[in-house]
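> Fold the following for me, if possible:
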Amino acid sequence: MQRQVEAFLPTDWGNFNIIAYANSPDDLTPHVALVHEKFDPSKPVLVRIHSECLTGDLFHSRRCDCGEQLAKAVELANLQGGVVVYLRQEGRGIGLINKLKAYNLQDKGLNTADANTHLGFEVDARQYDLAVEILNDLGIDRIHLITNNPLKIEAIENSGIEIVSRVPLLIEPKKENQSYLRTKRELMGHLINI
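Model prediction:
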């Protein structure tokens, strides 16, 4: 994977540079880093590693808290000169079509973890080594990691990048996502209270 292109990106939150990472410039789904204009890798950097969630990030689905987490992370990155790494691994790594099939199974009573395994996938098939590659490319070696996910913490701890602190990303639960959040806490060990 290589840095393919960088461009200035003014947003509703503030000014960032967006950097696309892929194996080829023809890749239609590159991973991206949203890097605040006041980013300074000589100090510990506020970092969010966010996995793509089309339904939550773009359509503001109330089945999950992903879109709200992304918006809050970009807001915090703007305030603190941080970085948001956006990984293209939809549906915990199973892709959009299978994620929508999992939604149908959830509507029939399965939780989000059981729906994935019913379809023949791991509960969480995401990988974070690409995020580590991106952080290394940006020259980041100490971070304040915005996460509730112990798998992200473990991936960074095994990478040589120092986690100076964990920054919780707490979103107010909604009626439609309470079961989803409970499953994340009870079966996947996410560091949240609901």
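> what about Leu54, neighbour count?
Applying other C-beta atoms under 10 Å, we find 15 residues neighbouring Leu54. For glycine as for every other residue, the C-beta is placed from the backbone atoms N, C-alpha and C.
> Show the model's pLDDT score for it.
If you check Leu54, the pLDDT there is 95.
> How about Ile192?
With respect to pLDDT, Ile192 scores 63.
> likewise Arg185?
Per-residue confidence (pLDDT) for Arg185: 57.
> I'd like the numbering to begin with 370 instead of 1 from here.
Done: numbering now begins at 370, and the last item shifts to Arg554.
> The chain: helices as residue ranges?
All helices of the chain, identified by DSSP state H, fall at 435-449, 459-462, 465-476, 481-487, 498-506, 519-526, 547-557.
> Tell me what the residue nearest the centre of the chain is bridged to.
Central residue of the chain (C-alpha atoms, centre = their mean): His419, 1.2 Å from the mean position. Assessed by DSSP bridges, His419 has beta-bridge partners Tyr455.
> Quick check: it touching Ala442?
Yes - if you go by C-beta atoms under 8 Å, His419 and Ala442 touch, sitting 6.2 Å apart.
> thinking again about what came up before, least confident of the helices of the chain, on average?
Looking at these, the weakest mean confidence is helix 547-557, a mean of 59.
> ok, back up a step: identify the residues contacting the residue nearest to the centre of the chain.
Contacts for His419 (C-beta atoms under 8 Å, 6 or more residues apart in numbering) come out as 435, 438-439, 442, 453-456.
> do the same with Arg495
Per C-beta under 8 Å, 6+ apart, neighbours of Arg495: 420, 456, 458, 461-462, 520.
> Tell me the most packed of these, by neighbour count.
Ser420 (23 neighbours).
> Isn't that one up against Gln458?
Yes - the criterion here is C-beta under 8 Å, and Ser420 meets it with Gln458 at 4.9 Å.
> buried set for stretch 448-464?
Across stretch 448-464, burial judged by 16 or more other C-beta atoms under 10 Å covers 449-456, 458-463.
> sorry, back to before: export the helices of the chain to CSV and tack on distance to Ile388?
Converted to CSV, the helices of the chain look like this (distance: least, C-beta to C-beta, whole Å):
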stretch, distance to Ile388
helix 435-449, 14
helix 459-462, 20
helix 465-476, 24
helix 481-487, 30
helix 498-506, 8
helix 519-526, 19
helix 547-557, 29
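> Nearest to His513, out of the ones you listed?
Minimum separation from His513 across those (C-beta to C-beta) falls at helix 435-449, 7.9 Å.
> buried ones in that closest one?
For helix 435-449, burial by neighbour count (16+ other C-beta under 10 Å) applies to 435-439, 441-443, 445-447, 449.
> Can you name every helix or strand that it contacts?
Counting by 3 or more C-beta pairs under 8 Å, 6 or more residues apart in numbering; DSSP states H and E, the packing neighbours recorded for helix 435-449 are strand 400-405, strand 414-420, strand 452-456, strand 511-515.
> Show residues contacting that helix.
By C-beta under 8 Å, 6+ apart, the surrounding residues in contact with helix 435-449 are 380, 382-383, 385, 403, 405, 415, 417, 419, 422, 424-430, 451-453, 455, 513, 515, 536, 538, 540.
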